[in-house]
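> turn this into a structure:
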Amino acid sequence: MTVVRLRIPSQPMSNRQDNWISLARKKQEELGDDLEELQNKLDNSQLPTHAYNVASKELQRLQRMSALSPEAGIIRSYVELFTELPWGKASPETLDVVKARQ
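Next comes the predicted model:
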């Protein structure tokens, strides 16, 4: 005769679901704060129009996405990169292609 042993979860299913929902809400609130800050950075940056449009589109996509989505971190990093690049700033160096070949 075979004895079957069942493992009973330490928490009832409803408690685990409540914990998961609570975690998701907390993450969504944190994401909302981060997105607001990211939008301010984007608005205050000197991005060219086409770059601003791309970054804004991705930020809107991020706002509609769940905070627990793996893609959310990638999109956030992508938009942050737009805000951190030195748009409108040039170095005083002159580049000479002929001199570089030598």
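> what about the longest helix in this protein?
Determined from DSSP state H, the single longest helix within the chain is helix 13-44.
> skipping its backbone neighbours, what lies nearest Glu80 in space?
Leu38 (6.7 Å; CB to CB, 6 or more residues apart in numbering). Bear in mind the C-beta positions are built from the backbone N, C-alpha and C, glycine included.
> and for Gln63, the neighbour number?
For Gln63, the count of nearby residues is 15 (other CB atoms under 10 Å).
> please read the previous query as pertaining to Arg16.
Neighbour number of Arg16 under other CB under 10 Å is 12.
> the one 4 residues further on too?
In terms of burial, Trp20 registers 11 neighbours under the definition other CB under 10 Å.
> same check on Val97?
Val97: 6 neighbours (other CB under 10 Å).
> cool, and Glu71?
By other CB under 10 Å, the residues close to Glu71 number 11.
> can you tell me the centre-most residue of this protein?
Geometric centre of the chain, nearest residue: Arg76, 2.0 Å, by CA atoms, centre = their mean.
> and the closest residue to that one other than its chain neighbours, how far is that from His50?
Distance criterion CB to CB, 6+ apart; nearest residue to Arg76, sequence neighbours excluded, is Leu62 at 6.1 Å. Taking CB to CB, to the nearest Å as the measure, Leu62 falls 19 Å from His50.
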